[in-house]
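K.L.:
Provide a 3D model corresponding to the input given below.
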Amino acid sequence: MSRRVVITGIGMINPMGHDVETVWSGLKESQSGVARTTVFDASNFPTKISAEVKEWSIDKCGEDPSRWDSIGRHTQFAIGAAKQAVSNSGVMDSIADPTRMGVYLGCGEGDQDFFAFTSMVTAAMSGSGDFDKAEFIRKGLDTLNPRRELEQEPSMPSAHLASLFNAQGPNANCLTACAASSQAIGEATELIRRGSVDVMLSGGAHSMIHPFGVTGFNLLTALSTSNDEPTKASRPFDRLRDGFVLGEGSSMVVLEELEHAKKRGAHIYGEVLGYGTTADAFRITDTHPEGRGAISCMKMAMSDAKVNVEDVGYVNAHGTSTEVNDKVESLACRQVFGDMADKIPVSSTKSMMGHLIAAAGVTEAIVCLLAIRDGVLPPTINYENPDPNCDLDYVPNVARDAKIDVALNNSFGFGGQNITLCLGRFKA
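P.N.:
Numbering: from 1, shown residues only. The predicted structure follows:
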């Protein structure tokens, strides 16, 4: 029989704030974390706005900055969020065997050394325009910091967290684009369910607010260019949406086998009831137009959770604010929920905090837990112009009181990866 998995610790750092309750308060008050980009000079880019983490450094979580002087921005966020989650759970005193605790993350690549790379290219270009490969290599050997280059590997945050918490069990990182941290939670849940471990630290971290990241998304025409009104740029499901707003940050959860949690008297935020994972098997950057992957993913999560459509009280949508995603996700929800589709609220918190890419899924999973806990559904802000292709209840602009016991969290990534987590109120 599959073991039950509960969430006993949560932590987050993102554009809305540096801890869970601050972020949650901002979401309920329809605030926005979007502003002009300051992490780098974006004045010559089509998109000049983003959702940045402001006024946070690793010393704020009690760490010596000199110890972490080579790690990337996203790894710093990961350490901060993980320390919050682990402290919040109080789980460390109960870990008698460190091989029974593992780490499973969905983290993106580390800081891209853009300026070092451009200096290498510049040095290698001769007056005639020929590329001098030997000079390129020489400049690289003189310029690049080997520790910083290592820290670009997506697996580094999980390695650092394992060391920080002496988690000697399974250690993994998946980078399935925007679905990554939701997939990490799902896979970590399976490890606990089958008895491989008792506790998993799971979540994600990412920052693509750098020249390479913005260039790539601009070339894909995926980012909003509504630079004049940053706080209104992310407008999921709105007819005038023109792309997503790039965000950054990290969220972490402590997943625990139910009996292990009960034995130590842990506070339980909720339960991971179900996990669905599918692939569109269609195109790298386009969702299947009929939403086949999203539909099967949502159905899979509900089947795994043994819940019916009537049990679902809320959906935290992937809701990116791109034309195709929002239309197809709305279609998928209508196909899955049938006659109940108009009665199940769906909202996108990306409208307020931007798109945290690999860290988006876990952040929105925590939002689902808080919605269940407090009986409040966060809104989709900037919803002003109805789109006939998006015809659900998107909790427009203002939070709503609603008692719910079961929520779905959708995460759909470039490449066609689809993850749905079914989260529920804990019932003994």
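
K.L.:
and stretch 365-383, average pLDDT?
P.N.:
Average pLDDT, stretch 365-383: 98.

K.L.:
If you could redo that for stretch 306-318, that was the one I meant.
P.N.:
On average, stretch 306-318 scores 98.

K.L.:
what's the span of it, first residue to last?
P.N.:
22 Å (Cα to Cα, to the nearest Å).

K.L.:
Going by neighbour count, which residues in that stretch are buried?
P.N.:
307, 309, 312-318 (16 or more other Cβ atoms under 10 Å). Just so you know, the C-beta spots here come from the backbone N, C-alpha and C atoms, and that holds for glycine as well.

K.L.:
Centre of the chain to that stretch, how far?
P.N.:
20 Å (Cα atoms, centre = their mean, to the nearest Å).

K.L.:
same thing with stretch 340-352?
P.N.:
17 Å.

K.L.:
And stretch 305-323, by the same measure?
P.N.:
Taking Cα atoms, centre = their mean, one finds stretch 305-323 lying 16 Å from the centre of the chain it belongs to.

K.L.:
Next, the distance between the ends of it.
P.N.:
Start-to-end, stretch 305-323 (Cα to Cα) is 31 Å.

K.L.:
just the strands in the stretch 201-350 of the chain please.
P.N.:
248-257, 270-279, 314-316, 346-347 (DSSP state E, counting those that start in this stretch).

K.L.:
before we move on, what about the stretch 51-200 of the chain?
P.N.:
According to DSSP E, counting those that start in this stretch, the strands that the stretch 51-200 of the chain contains are 101-107, 171-173, 199-207.

K.L.:
Just tell me which of those ends up closest to residue 181.
P.N.:
strand 199-207 (2.8 Å; Cβ to Cβ).

K.L.:
Which parts of the protein belong to which domain?
P.N.:
5-111+151-424, 114-150 (automatic domain parsing).

K.L.:
Looking at those, which one is packed in the most?
P.N.:
Among these, domain 5-111+151-424 has the highest mean neighbour count (mean count of other Cβ atoms under 10 Å), at a mean of 22.

K.L.:
State which helix of the chain is the longest.
P.N.:
helix 73-89 (DSSP state H).

K.L.:
Quick one: mean pLDDT for it?
P.N.:
For helix 73-89, the mean per-residue pLDDT is 97.

K.L.:
Only C-alpha atoms, please: export it in PDB.
P.N.:
The C-alpha trace of helix 73-89 is given here as PDB (Å, rounded to 0.1, in the frame of the first residue of the first chain):
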ATOM      1  CA  ARG A  73      21.900  34.200  -7.600                       C
ATOM      2  CA  HIS A  74      19.400  31.400  -7.800                       C
ATOM      3  CA  THR A  75      21.400  29.200  -5.400                       C
ATOM      4  CA  GLN A  76      21.400  31.900  -2.800                       C
ATOM      5  CA  PHE A  77      17.600  32.100  -3.100                       C
ATOM      6  CA  ALA A  78      17.500  28.300  -2.800                       C
ATOM      7  CA  ILE A  79      19.500  28.300   0.400                       C
ATOM      8  CA  GLY A  80      17.300  31.000   1.900                       C
ATOM      9  CA  ALA A  81      14.000  29.300   1.000                       C
ATOM     10  CA  ALA A  82      15.300  25.900   2.200                       C
ATOM     11  CA  LYS A  83      16.400  27.200   5.500                       C
ATOM     12  CA  GLN A  84      13.000  28.700   6.000                       C
ATOM     13  CA  ALA A  85      11.200  25.400   5.100                       C
ATOM     14  CA  VAL A  86      13.400  23.200   7.200                       C
ATOM     15  CA  SER A  87      13.200  25.500  10.200                       C
ATOM     16  CA  ASN A  88       9.500  25.800   9.700                       C
ATOM     17  CA  SER A  89       9.100  22.000   9.700                       C
END
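
K.L.:
going forward can the numbers begin at 639, since that is how I track them
P.N.:
Renumbered: residue one is now 639, and that last one reads helix 711-727.

K.L.:
how far out from the middle of the chain is it?
P.N.:
On the basis of Cα atoms, centre = their mean, helix 711-727 sits 14 Å off its chain's mean C-alpha point.

K.L.:
Report all helices and strands that that helix contacts.
P.N.:
With contacts defined as 3 or more Cβ pairs under 8 Å, 6 or more residues apart in numbering; DSSP states H and E, helix 711-727 has these neighbours: strand 643-651, strand 739-745, helix 794-803, strand 837-845, strand 886-895.

K.L.:
how about those in a markdown table, adding mean pLDDT and distance to residue 702?
P.N.:
Below are the helices and strands packed on helix 711-727 laid out as a markdown table (pLDDT from 0 to 100; distance: least, Cβ to Cβ, whole Å):
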| stretch | mean pLDDT | distance to residue 702 |
| --- | --- | --- |
| strand 643-651 | 98 | 18 |
| strand 739-745 | 98 | 22 |
| helix 794-803 | 97 | 13 |
| strand 837-845 | 98 | 20 |
| strand 886-895 | 98 | 19 |
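
K.L.:
wait, residue 1004 sits on residue 658?
P.N.:
Yes. Counting by Cβ atoms under 8 Å, residue 1004 touches residue 658, with 6.7 Å between them.

K.L.:
joint contacts of those two?
P.N.:
Each of 648, 650 lies in contact with both residue 1004 and residue 658 under the rule Cβ atoms under 8 Å, 6 or more residues apart in numbering.

K.L.:
could you pull out the helices for the chain?
P.N.:
658-666, 711-727, 752-762, 771-781, 784-788, 794-803, 818-831, 849-857, 896-901, 930-943, 961-975, 988-991, 998-1012.

K.L.:
can you tell which of the ones you listed is closest to residue 1043?
P.N.:
Here helix 998-1012 is closest among the helices of the chain (Cβ to Cβ), at 6.7 Å.

K.L.:
The closest one relative to strand 739-745, how many degrees between them?
P.N.:
Calculated by axes from the mean of the first three to the mean of the last three Cα atoms, to 10 degrees, helix 998-1012 forms an angle of 110 degrees with strand 739-745.

K.L.:
hmm, back to that, Serialize the strands of the stretch 839-988 of the chain to a markdown table and add fields for distance to residue 1046.
P.N.:
A markdown table is the format used below for the strands of the stretch 839-988 of the chain (distance: least, Cβ to Cβ, whole Å):
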| stretch | distance to residue 1046 |
| --- | --- |
| strand 886-895 | 17 |
| strand 908-917 | 9 |
| strand 952-954 | 5 |
| strand 984-985 | 9 |
